[in-house]
Every structure is written in structure tokens, then in C-alpha cells.
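[1] Sequence and predicted structure below; questions after.
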Amino acid sequence: MNLPKVLADLVAAQNKADSSAYANCFSDTAVVFDEGKKHTGKAAIKNWIAKANQAYKTKMKPLNYSTTKQTLDAEISGTFPGSPLVLTYQFEIQEGQIQLLKIV
């Protein structure tokens, strides 16, 4: 699958549980929506993903990427109930960085 570099970097960072590398995929003013919560800015995103990585040990396996919809469907697995699950990641990417991520 041919993912944009920033998304390939995001998947690699997630699979290494590297919260710093994960956060570096986002712009300084980026926003993430996940599980009904909003995380704004790199520091908040880094904190959110570090806590999630510690709690759930999540790994991502990309399944489908749509350039027209700007979505990535990925199988996620980890130490959470119902693992594995397929989630859709909706992105807005500008200048090689993620501006907006909604996980649905």
C-alpha cells in the first residue's frame, strides 16, 4: 500500500510505541478526536498517545487508504477488549503534517 510519508511514519511510530515520533507527524496546532475527546497541539497529542500506548499496547496494520476521502482503514490490536478492531482514521494533511485526525 502506498501511503503518504506522514501516514507511513505515523504507523511506524505507533507500532514502535514511540509517542514522540507519533506526535511529530502532527502540526503544532493539530487536533485529534478519539473516544469522544479532543486533543489539541503536539504536547497534548503526545500525552494522549503515550497514555494509550501504555494502557493498550496498540499495533496498527493498514488495510485501505483513500486519497479522495483522506481515510485510512486499519486493523488495530492490543490489550483492549474486542481486539482486534478495524477503525477508520480520517485525516487532513497540509504541508506534510497532519492537521486533523478523527478516529471512528
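    Structure's in. What do you need?
[2] I'd like to know which elements the longest helix seen in the chain is packed against.
    When the chain is parsed with DSSP state H, its longest helix is helix 42-56. Other elements packing on helix 42-56 under the criterion 3 or more C-beta pairs under 8 Å, 6 or more residues apart in numbering; DSSP states H and E are helix 19-23, strand 26-34, strand 37-40. Yep, even glycine has a C-beta here, placed from its N, CA and C like the rest.
[3] Which is the succeeding secondary structure element to that helix?
    Remark: after helix 42-56, the chain's next helix or strand is strand 59-66, criterion DSSP states H and E.
[4] Pull the distance from that next one to the chain's centre.
    Strand 59-66 sits 10 Å away from the centroid of its parent chain (C-alpha atoms, centre = their mean, to the nearest Å).
[5] for the helix or strand following that strand, packing partners?
    Using DSSP H and E, the next helix or strand after strand 59-66 towards the C-terminus is strand 71-77. Contacts defined by 3+ C-beta pairs under 8 Å, 6+ apart place strand 71-77 against strand 59-66, strand 85-94.
[6] Tell me, how many residues neighbour the closest residue to Ala50 other than its chain neighbours?
    Counting by C-beta to C-beta, 6 or more residues apart in numbering, Ala50 lies nearest to Ser19, which is 3.8 Å off, once chain neighbours are set aside. Ser19 sits with 20 neighbouring residues when counted by other C-beta atoms under 10 Å.
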